[in-house]
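Peer 1: sequence first, predicted model second:
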Protein chains: 2
Amino acid sequence: MAKQTLKTKAYDEIRKNITYCKYEPGSVITEEFLQTELNISRTPIREAINRLEQEGLVTIKPKKGIVISNLNFEEAGMLYEIRLLLEPYVIRTYGNRIPQQTYVEFYKHFTDLLSAEASESDFDIDDNFHQIFYNVSQNSYLMEMNNRLSSQITRLRILTRIQEKSDLIQTTHEHLAIVNACLQSSWEQAAELSIEHLKRSRENSFKLILSGKFK
Amino acid sequence: MAKQTLKTKAYDEIRKNITYCKYEPGSVITEEFLQTELNISRTPIREAINRLEQEGLVTIKPKKGIVISNLNFEEAGMLYEIRLLLEPYVIRTYGNRIPQQTYVEFYKHFTDLLSAEASESDFDIDDNFHQIFYNVSQNSYLMEMNNRLSSQITRLRILTRIQEKSDLIQTTHEHLAIVNACLQSSWEQAAELSIEHLKRSRENSFKLILSGKFK
DNA sequence: TTAAATTTTGTTGTATACAACAGAAACTAT
DNA sequence: ATAGTTTCTGTTGTATACAACAAAATTTAA
């Protein structure tokens, strides 16, 4: 495993706190706050913050503080637009690179998800599902793009409380359908199913945002 | 205009030096070198370097130095893969948002390019051409992605000496054809033309890379 | 000569002090 | 009371010193 520097430690920690909405969207924090919270000096904190700004998770207000990025209707629209463009593409183009072993793991995850109670780790599993497709592309731009999207998507899911059991089950069934299509090498069908999945997911998010359930 | 901090100044300067290959791909530089070269202290230099690493233009080797990223066959393939995915999409989807005024500017650039000698500013003009399409999408992820791609594409063009007059003329004619299609609201045709343009461009780059003309 | 151990050197990693400044608060003149 | 001015406070911006460490160079032992 790679050497863990304080910079990466700070980055991981802060990013996690943002994605899981421990730091609320729109709120303002200071470097000093992070310093005492993480017990790490300013330099690594700043480097982490700079990176997070680059990734769009925070905005640095000069001489004022660090604003945790908001997640509004427009942002959600942009996120899903990109996913709708990229995911069908990677499935169609690189689906055939997914190793057999990965399917075994998928099915294990699915049975876990359908049997167990909802928990925070579900997000990671769901992220992981999407990530696989990007990783097999071996295109670092695609992988990096997924990385950017995933933290925002996770935040969106948490804010819209979409992790409720009923939705989790539906999502899992949709994932299952996609995987089944892949196993039959029906890439075009798998791509179409992923479009359906993303569109439903998007509409669900939009609905919840507009209902004012969040923010 | 936004406040220029030393961090952004260092970033702009170093990025320019990398894109225009003043710092050669594969070569190793140190923070101290940049410090004396730009006459800026380490802290802003580091922040700039961190950002450039994030964007893939450099790799920081712990305790060793800063490696200017290489541009090889695989990297070029990844770049064009993304462009081939994104550009037809933005043209098809957002072409109709391009204001009339922009077309006037396009034609002015084209006539300039076809009449004048090749110069460094041609790269900016070409970048600008592609950038317009991403900007009208108003999707920050797409715009950011273009930003990432453009510096790499520029490096590729410089390294393959593709700016030679004959290629410049061909490129300009292809751009002209795309713009003409847009003006007639033939978005599908414009998208197809952009695919042709990118594919030819890619093959040209591949050819030059393999001929060993560079690196 | 060769292999292992040690020292040295160069570079980034981290901590911290001070400067600059934006915005709020207090003050002043009318 | 209000508009303008000044002062103050909190936060980030920048500079710099020192620590940690990877790799090269040197030394040592056989």
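Peer 2: That came in fine, so what should we check first? Residues are numbered from 1 along each chain as shown, chains lettered A, B, ... in the order given.
Peer 1: and the worst-scoring helix or strand of chain A on mean pLDDT, how far out from the chain middle?
Peer 2: Between all helices and strands in chain A, the lowest mean by mean pLDDT, DSSP states H and E belongs to helix A:121-137, at a mean of 85. For helix A:121-137, the gap between its own C-alpha mean and the chain's C-alpha mean amounts to 9 Å (CA atoms, centre = their mean, to the nearest Å).
Peer 1: dump it to PDB, keeping only the CA atoms.
Peer 2: Taking only C-alpha atoms (Å, rounded to 0.1, in the frame of the first residue of the first chain), the coordinates of helix A:121-137 have been written out as PDB:
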ATOM      1  CA  SER A 121     -21.600   1.100   3.500                       C
ATOM      2  CA  ASP A 122     -24.300   0.600   0.900                       C
ATOM      3  CA  PHE A 123     -23.100   3.800  -0.700                       C
ATOM      4  CA  ASP A 124     -19.600   2.400  -1.100                       C
ATOM      5  CA  ILE A 125     -21.100  -0.800  -2.700                       C
ATOM      6  CA  ASP A 126     -23.100   1.200  -5.100                       C
ATOM      7  CA  ASP A 127     -20.200   3.400  -6.000                       C
ATOM      8  CA  ASN A 128     -18.100   0.300  -6.500                       C
ATOM      9  CA  PHE A 129     -20.600  -1.100  -8.900                       C
ATOM     10  CA  HIS A 130     -20.400   1.900 -11.200                       C
ATOM     11  CA  GLN A 131     -16.700   2.300 -10.700                       C
ATOM     12  CA  ILE A 132     -15.900  -1.200 -12.100                       C
ATOM     13  CA  PHE A 133     -17.100  -0.200 -15.500                       C
ATOM     14  CA  TYR A 134     -15.000   2.900 -15.600                       C
ATOM     15  CA  ASN A 135     -11.900   1.100 -14.400                       C
ATOM     16  CA  VAL A 136     -12.000  -1.600 -17.100                       C
ATOM     17  CA  SER A 137     -11.800   1.200 -19.700                       C
END
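Peer 1: state the helix or strand in which the one residue sitting closest to the centre of chain A lies.
Peer 2: With distances taken as CA atoms, centre = their mean, the residue of chain A nearest its centroid is residue A:150 (2.1 Å). For residue A:150, the enclosing helix or strand under DSSP states H and E is helix A:140-159.
Peer 1: is any part of stretch A:14-30 close to chain B?
Peer 2: No. Judged by CB under 8 Å from any CB of the partner chain, stretch A:14-30 makes no contact with chain B; its nearest approach is 13.2 Å. Every C-beta, even on glycine, is put in place using the N, C-alpha and C of the backbone.
Peer 1: list the contacts of residue A:133.
Peer 2: A:87, A:90, A:91, A:94, A:95, A:98 (CB atoms under 8 Å, 6 or more residues apart in numbering or on different chains).
Peer 1: excluding its backbone neighbours, what's nearest the fifth one?
Peer 2: In other words, residue A:95. In this structure, residue A:95 finds its nearest non-sequential neighbour in residue A:187, 4.7 Å apart by CB to CB, 6 or more residues apart in numbering or on different chains.
Peer 1: and residue A:198, how many neighbours does it have?
Peer 2: The local packing count at residue A:198 equals 20, with neighbours defined by other CB atoms under 10 Å in any protein chain shown.
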